[in-house]
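Enquirer: I would like the atomic coordinates for the input below:
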Amino acid sequence: MSFDLRASPLRRHFVPAFAFLLLAAGSAFAAEPALAPLGAAGGAPAVPWHVVGLPQQTKPFTRFSVVDIDGKRAVKIEADLSYGNLVHPLKEYAAPAHLVWQWRIEKPIEAADLRQRRGDDTAVKVCVFFDLPIESLSFTERQLLRVGRSKSEEPVPAATVCYVWDANLPAGTTLDNAFTRRMRYIVLESGTDRLNKWVAERRDVGADFMKLFGDESKVVPPIVGIAVGADADNTQSHSVAYVSGVSLEP
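Expert: A predicted model of the protein is given here:
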């Protein structure tokens, strides 16, 4: 025996209720953020956010603390002759996606020069880690990456796109990290005209990956982590910056 809901008096009750359940389920799924909140102000960032340095790092670590500033919950990033990133791992978040955040610089690194190792410091950067297959790399790059991974307890991605606010290079500049081609930069903001002012950013991370790593891959790999950071070890400097509202959107 068949049952035709369209002819049943239950239709006027069942269909709206079913539609409501679908809508509620869809809304709950859409509302689930990819990145966890930073945590309570006045303390360290909450798990799974955690600080990562260089393999076998002996220099000071950049300091990260959660603060409320200008009505925003933010991570304060203070580098003092130091290096460090605040990392949020992800389980293969599929691109395409947009990365959204706001940042603000209080004290820049005016001696920075990302084109050379002795100047490779950033007062603030926001980075995306991609699970680029190691087979996509040249033989030399594969060997260098294997060495780096063997020395680190943290996963070392094969491709990292970092957005930076630089004191000197013009906005729109793209370049490789001076130490490794596994990290490549896009300068989004430049100069010191907007010190102590919030600036909002929104980036198509897939398009930026292809712009920087299109020589190694014809597709955008999954995203496996987001990081914010600063370093002042090469220039022996001190910087202070803030990042707020970091989120990934499909």
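Enquirer: surely residue 101 touches residue 242?
Expert: No: Residue 101 lies out of contact with residue 242 (CB atoms under 8 Å); the separation is 10.5 Å. In this view, the C-beta of every residue, glycine as well, is placed from N, C-alpha and C.
Enquirer: okay, now the domains of this protein?
Expert: Following automatic domain parsing, the chain resolves into domains at 1-32, 34-249.
Enquirer: hey, which of these is tucked in deepest?
Expert: Comparing those by mean neighbour count (mean count of other CB atoms under 10 Å), domain 34-249 comes out on top with a mean of 17.
Enquirer: can you give me the end-to-end distance of that domain?
Expert: 8 Å (CA to CA, to the nearest Å).
Enquirer: run the chain-centre distance for it.
Expert: On the basis of CA atoms, centre = their mean, to the nearest Å, domain 34-249 sits 6 Å off its chain's mean C-alpha point.
Enquirer: state the mean pLDDT of it.
Expert: The predicted model gives domain 34-249 an average pLDDT of 96.
Enquirer: tell me where this structure has strands.
Expert: With DSSP state E as the criterion, the chain has strands at 50-52, 63-69, 72-80, 83-93, 98-107, 122-130, 159-166, 174-176, 183-190, 199-204, 223-231, 238-249.
Enquirer: for the third one, which strands pair with it and how are they oriented?
Expert: Sheet partners assigned to strand 72-80 using DSSP bridges are listed as strand 63-69 (antiparallel), strand 238-249 (antiparallel).
Enquirer: go through the ones you listed and name the closest to residue 96.
Expert: strand 238-249 (10.0 Å; CB to CB).
Enquirer: what's the closest non-adjacent residue to residue 141?
Expert: residue 181 (6.6 Å; CB to CB, 6 or more residues apart in numbering).
Enquirer: distance of the one you found relative to residue 142?
Expert: Distance of residue 181 to residue 142, given as CB to CB, to the nearest Å: 12 Å.
Enquirer: and if you look at residue 205?
Expert: 24 Å.
Enquirer: cool, residue 57 as well?
Expert: Residue 57 is 24 Å from residue 142, by CB to CB.
Enquirer: now swap in residue 193 and tell me
Expert: Counting by CB to CB - residue 193 and residue 142 are separated by 42 Å.
Enquirer: and what of residue 82?
Expert: 30 Å.
Enquirer: same check on residue 210?
Expert: From residue 210 over to residue 142 (counting by CB to CB), the distance is 21 Å.
Enquirer: and residue 192, by the same measure?
Expert: For residue 192, the distance to residue 142 - CB to CB - is 40 Å.
Enquirer: how far away is the residue nearest to residue 192 when sequence neighbours are not counted from residue 218?
Expert: Leaving aside its sequence neighbours, residue 192 sits nearest to residue 108 (CB to CB, 6+ apart; 5.6 Å). Residue 108 sits 37 Å away from residue 218, going by CB to CB.
Enquirer: and residue 166, what does it touch?
Expert: 112, 114, 122, 173, 187, 189, 190 (CB atoms under 8 Å, 6 or more residues apart in numbering).
Enquirer: quick check, the second one in contact with residue 175.
Expert: Yes: between residue 114 and residue 175 there is a contact at 6.1 Å, judged by CB under 8 Å.
Enquirer: where do the contact lists of the two overlap?
Expert: Here residue 114 and residue 175 have 169, 185 as joint contacts, going by CB under 8 Å, 6+ apart.
Enquirer: one step back: what's the closest of the strands of the chain to residue 151?
Expert: strand 50-52 (13.0 Å).
Enquirer: on contacts alone, who are the packing partners of the closest one?
Expert: strand 83-93 (3 or more CB pairs under 8 Å, 6 or more residues apart in numbering; DSSP states H and E).
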